[in-house]
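In: Everything below, folded, please.
(2 chains)
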Amino acid sequence: MVSRSIRWGGVLLSLALLATLAWGFSERSARREAESMLSARYQQAFFGALGQIESVELLLTKALVSGSEHEQIRYLTELWQQAFTAQANLNALPLRQGTLMRTSQFLTQLGDFSFVAGQKIAAGEGLSAEEQERLEQLHREVAALGSELAQVARASADGQMPWEELRRRTNLNLNPFSKRLDPPDQASGFVRIEQQMQEFPTLVYDGPFSDHVSQQKPRGLTGSVVTEEEAREAALVFVGQREDGPALQAEVVAETGEKAPIAAWRIQVGSAGVGAAYVLDVARQGGHVLWMLQGNGAGTGNVNYSLQDAIEIAREFLEGRGFSSFEVSYAVVEQGRAIVPFVYVQEDVLIYPDQLKVTVALDTGAVVGFDGMQYYTFHHDRNLPEPTLSEEDALDRIHPSLEPEEVRLALTPRPDLREVLTYEVRARANDRLYHVYIDAQTGDEVQILRIIESEEEGRMAI
Amino acid sequence: MKGLRLTPRGVVHILVWAVLLTALLFTLGPRGDQSEAQGAAQGSNVSPVQAAAGYTVRDDELELLARTIAAEAQGEPYIGQVAVGAVILNRVRDSRFPNTISGVIYQPHAFESVSNGLIWRRTPSAEARRAAQDALNGWDPTYGSLFFWNPYKPVSAWIWSRPIVIQYGNHVFAH
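Out: Have a look, this model is predicted:
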């Protein structure tokens, strides 16, 4: 009996072993197939970036020697697209986080700078000697980047980059049992490229990706430094104690670090066990409430208040907190809440950089959000210039198919944060509403917004 | 002591079960590689025109943002969820990162939940959607931060070298 069961056992064991082997082989080939597919995507991205960087180099030389303005504009615009696509491709490579940050910045700013240069030529301004010199400098830098990348490509003898190896090494970061948390990456050559790019100067120019745009310091935070106690008091006053409601308490739950752009306390305001709490950030400078949020707003999904009611509630909320001289620009309903932006008005001019936002839940009619960051970043005492153009001049400049409905002065921010005094012309064409902005000094059209209108959902600018 | 003796049949039984269980475990295990392949494929499709125009956010971008918030900030307070959304949008605006929402989210190794596929296994709650919407409307509880991580988990020394802005909930936010 024993020998028989051993025999059967042996057969079963062999079958199980065979099944496991077969399963193992099929898994292995499936894994290999997946790896090759993935590797092919990475190869495509890498060689895509290499090709695009080479064509950026070529287009830049052509733009530098072209004697025709419209050809120059074409080269610079095409270059902008190529540089952005190269950046996207490099960022699709499976490298450790942060490996190519400076290289990405270089490509974005190179593209952005070229686009702005193209626009200047198109506007008849031409390029200054300094800008011309910048383009030549950028050309030397992008040529260096291209040859470094080509060298990385040549480093792999069979033409295929060791993506799997790179991926595995970067994955060590996620493995809690691994003691080698920071594997050296130099084999890839990418680190060397990044180090070289660090040595190039960063660009300050008139585009949205210029360094001065991201390093904006708040100008509107005025007043003296407050204590933590005063900040908690300010938070309580801002939320507002209801006479019939439970007593509110304010508690500091976090604080920004030394290296944060704004020193602020994060304060939670609520009453023990009743409803969701409000969270507010209060600035140390002046005790201003930077923003407020309450996460439970419109949690029921019922709509008991109209958009018009919400706008009134938002206005009352702001006036009760000392924000007068604001106008509603447009408002939208999203997921049971109304988002109402307010624009500061000075001498009857709309100051678009100085915006506040208020969110009202349409189920309870409660204010569940306030955002003053943009206002506190840009607000300051301004001496508004006198327009050289009249309203009639501005209306003459808009496209003949537009039917103007309303004209007024507005201060609008450009992508590089420069503020331009414009005429805001609200006009219709084909039953669509547009805001057209005409520079009040030069008469140039600087921007068009299309306003999406809807009865229940309000107006939204795109 | 008879019950403890191992008969050959017993050994076979144990072996067969062990093999079957191992096979089962492997088949049901996570498929990180495949979700990553999907990410890489979608991430490389970026149009520069879209990036330069700023935010005209499509519904599918809102959904993707909400999904990433749901996966990356699970169990975090509401402000912590808005903060994760804000970091993603700060990256879109920053020259050192991809210039679109999908480019940032699918960047290889940028988000753990994209690498391990968690982002596809969870349907975003209404709360995560509201958090995504608030981040898109400009609320930024991170003051322009570009990174966040859980300080109680091992992460690279490099990331700890970033200038820290604030710690809130289970995340540290940094520039």
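In: A:Asp40 and chain B: what is the separation?
Out: One thing to correct before we go on: residue A:40 is Ala, not Asp. A:Ala40 sits 10 Å away from chain B, taking Cβ to the nearest Cβ, to the nearest Å as the criterion. C-betas here are computed from N, CA, C, even on glycine.
In: What helix or strand is that residue located in?
Out: In the assignment (DSSP states H and E), A:Ala40 maps to helix A:2-65.
In: Any part of the next helix or strand after that helix near chain B?
Out: Heading C-terminal from helix A:2-65, the first helix or strand you meet, by DSSP H and E, is helix A:69-90. Yes. Using Cβ under 8 Å from any Cβ of the partner chain, helix A:69-90 comes into contact with chain B via A:80-81, A:84-85, A:87-89.
In: Highest neighbour count among the residues you listed?
Out: The most neighbours of any of these, using other Cβ atoms under 10 Å in any protein chain shown, belong to A:Gln87, which has 32 neighbours.
In: Tell me who's in contact with that residue.
Out: The contact partners of A:Gln87, taken as Cβ atoms under 8 Å, 6 or more residues apart in numbering or on different chains, are A:104, A:107-108, A:111, B:98-99.
In: Check it and give its pLDDT.
Out: According to the predicted model, the pLDDT of A:Gln87 comes to 95.
In: excluding its backbone neighbours, what's nearest it?
Out: Setting aside the residues directly before and after it, A:Gln87 is nearest to A:Leu107 in space (Cβ to Cβ, 6 or more residues apart in numbering or on different chains), at 4.1 Å.
In: In chain B, which residue sits closest to chain A?
Out: At 2.6 Å from chain A, B:Tyr78 is the closest residue in chain B, using Cβ to the nearest Cβ.
In: Quick check: beta-bridge partners of the closest residue in space to B:Val155 that isn't next to it in sequence?
Out: Leaving aside its sequence neighbours, B:Val155 sits nearest to B:Trp149 (Cβ to Cβ, 6+ apart; 4.9 Å). With DSSP bridges applied, B:Trp149 shows beta-bridge pairing to B:Val172.
In: Count the neighbours of B:Trp149 for me.
Out: Neighbours of B:Trp149 (other Cβ under 10 Å): 18.
In: so who does it touch?
Out: With contact set as Cβ under 8 Å, 6+ apart, B:Trp149 has these partners: B:155, B:159, B:171-172.
In: Can you tell me which one of these sits lowest on pLDDT?
Out: Checked by pLDDT, the contacts of B:Trp149 have B:Val155 as the lowest-scoring entry (82).
In: Please check the contacts of B:Trp149 and keep the buried ones.
Out: When neighbours are counted using 16 or more other Cβ atoms under 10 Å in any protein chain shown, the contacts of B:Trp149 contain these buried positions: B:155, B:171-172.
In: How about the contacts made by A:Asp393?
Out: A:Gly443.
In: what's the distance between it and A:Thr442?
Out: Here the criterion is Cβ to Cβ, to the nearest Å. By it, A:Asp393 lies 11 Å from A:Thr442.
In: For A:Val420, the count of nearby residues, please.
Out: Burial of A:Val420 is recorded as 18 neighbouring residues (other Cβ under 10 Å).
In: What are the boundaries of the helices in chain B?
Out: Counting by DSSP state H, chain B has these helices, from start to end: B:8-28, B:32-43, B:48-52, B:59-72, B:78-93, B:101-105, B:112-115, B:118-121, B:126-136, B:157-160.
In: Lowest average pLDDT across the ones you listed?
Out: Across the helices of chain B, helix B:48-52 has the smallest mean pLDDT, namely a mean of 27.
In: Now for residue 78, how many residues are close by?
Out: Let's take chain A. A total of 17 residues lie near A:Glu78 under the criterion other Cβ under 10 Å.
In: Chain B is the one I meant
Out: Neighbours of B:Tyr78 under the rule other Cβ under 10 Å: 23.
In: got a list of what the residue of chain A found nearest chain B touches?
Out: Closest contact between chain A and chain B, by Cβ to the nearest Cβ, is at A:Gly295 (2.6 Å). Taking Cβ under 8 Å, 6+ apart as the contact definition, A:Gly295 lies against A:276, B:77-79, B:81, B:127, B:130-131.
In: same thing but at 10 Å, please
Out: A:Gly295 is in contact with A:276-279, A:368-369, B:77-82, B:127, B:130-131, B:134, counting by Cβ atoms under 10 Å, 6 or more residues apart in numbering or on different chains.
In: hmm, which of those are the buried ones?
Out: Judged by neighbour count, with buriedness set by 16+ other Cβ under 10 Å, the buried members of the contacts of A:Gly295 are A:277-279, A:368-369, B:77-82, B:127, B:130-131, B:134.
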